[in-house]
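Colleague: Below: sequence and its predicted model.
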Amino acid sequence: TRKIPLDDDIKDKLEIIARGTAGFTGADLANLVNEAALSAARDNKKNDKKTVTMKDFEFAKDKVLMGGERRSMIISDQEKRTTAIHEAGHALLATLLPHAEPLHKVTIIPRGMALGLTMQLPIDDKHNHSEPYLKDMIKVLLGGRIAEEIINNGIKTNGASNDLERVTDLTRKMVCEWGMSEELGSLTFGKKEEQIFLGREISQHRDYSEDTAIRIDKEVKKIVDEAYKEAKDLLVNKRVYLERITEALLTSEVLTGDQ
Ligand code: ZN
């Protein structure tokens with residue numbers, strides 16, 4: 001950032017941007033700074049702004065991470081409301097659950113393939129995740145679907161498919177790789193190495209019995225069902241906030257974690 005005129009508001013906050021861009025390569029970061037400078041230049045024409053601000057960096061980060069905004073996409077009011085309810089569910093749980101990563105931002109502006117988005121920011125570069133952290137993560141992921149069910153009288157939409165995929169993936173790992181199931185204990189199930197040279201697929205490389213496979217499925221379902229119930233109880237209890245966040249999202253489209 002040395003080559004661009006940084007606004008005073010950002011000088012102490014580069015660390016926040018760093019936290020939100022963990023895993024970026026040098027080239028990714030250069031691209032990010034470049035996009036931020038372009039955003040500032042566009043504003044400069046309109047508002048005579050001379051510096052690159054936090055807003056420019058937020059804009060650039062979203063663009064680099066998730067693709068450009070698609071404001072031209074035509075979305076019905078009902079669809080927009082459902083998206084707001086869905087994201088409000090994620091956002092409220094991320095705020096309430098003690099082990100969830102702090103809420104950074106929630107938006108209902110469509111981007112790439114997504115109609116809305118809830119972003120959390122890790123507190124540090126964590127590589128080891130505790131069981132409570134993972135369980136809260138599952139609840140936050142389920143929160144979108146649950147919020148829709150609560151507010152829309154039980155009606156489900158397909159907007160949660162990516163969330164549910166991540167929930168399933170995470171829970172299976174907890175049971176099969178990380179020994180976090182009481183029922184199955186501290187064992188791992190399923191060899192991960194692919195023996196492509198033998199022409200085998202991973203799915204054929206199962207090192208457990210049919211009986212164990214059934215127990216794994218049951219255990220995965222149990223963990224998800226429990227998380228679902230706890231998350232739903234919490235959201236039903238705090239329904240008034242769920243509705244308030246939904247309305248705020250419909251009004252301003254973007255909310256920060258603080259807001
Ligand atoms: Zn979602």
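Modeller: Thanks, I have it.

Colleague: Against which helices or strands is the helix or strand harbouring A94 packed?
Modeller: Element membership of A94 [criterion: DSSP states H and E] is helix 77-96. If contacts are counted by 3 or more C-beta pairs under 8 Å, 6 or more residues apart in numbering; DSSP states H and E, helix 77-96 sits against strand 103-107, strand 117-120, helix 131-151, helix 210-237, helix 239-252. Every C-beta, even on glycine, is put in place using the N, C-alpha and C of the backbone.

Colleague: Which strands border the shortest one, and is each parallel or antiparallel?
Modeller: In its sheet, strand 117-120 lies beside strand 103-107 (antiparallel), with partners assigned from DSSP bridges.

Colleague: CA atoms only: put the strand it pairs with into PDB for me.
Modeller: Extracted C-alpha coordinates of strand 103-107, given in PDB (Å, rounded to 0.1, in the frame of the first residue of the first chain):
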ATOM      1  CA  LEU A 103     -19.800 -11.100  12.500                       C
ATOM      2  CA  HIS A 104     -18.100  -8.800  10.000                       C
ATOM      3  CA  LYS A 105     -20.800  -7.900   7.500                       C
ATOM      4  CA  VAL A 106     -24.100  -9.100   6.100                       C
ATOM      5  CA  THR A 107     -25.500  -8.100   2.800                       C
END
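
Colleague: relative to helix 131-151, how tilted is it?
Modeller: Put simply, strand 103-107 runs at 30 degrees to helix 131-151, going by axes from the mean of the first three to the mean of the last three C-alpha atoms, to 10 degrees.

Colleague: So what touches strand 103-107?
Modeller: Residues from elsewhere that reach strand 103-107 (C-beta atoms under 8 Å, 6 or more residues apart in numbering): 20, 58, 87-88, 90-91, 94-95, 116-121, 245, 249, 253-257.

Colleague: For the closest residue to the ion within the stretch 51-200 of the chain, give its distance to K50.
Modeller: Here the stretch 51-200 of the chain gets closest to the ion at one residue, G144, 3.3 Å apart by C-beta to the ion. Separation of G144 from K50 (C-beta to C-beta, to the nearest Å) stands at 40 Å.

Colleague: Neighbour count for those two, which is higher?
Modeller: G144 (27 against 10; other C-beta atoms under 10 Å).

Colleague: near the ion, which residues of the stretch 51-200 of the chain?
Modeller: With C-beta under 5 Å from the ion as the criterion, the stretch 51-200 of the chain meets the ion at residues G144, D163.

Colleague: low-scoring stretches of the stretch 51-200 of the chain, by residue?
Modeller: The model of the stretch 51-200 of the chain has pLDDT under 70 over residues 124-127, 191-200.

Colleague: can you do 80?
Modeller: Along the stretch 51-200 of the chain, segments meeting pLDDT under 80 span 65-74, 111-113, 122-127, 159, 191-200.
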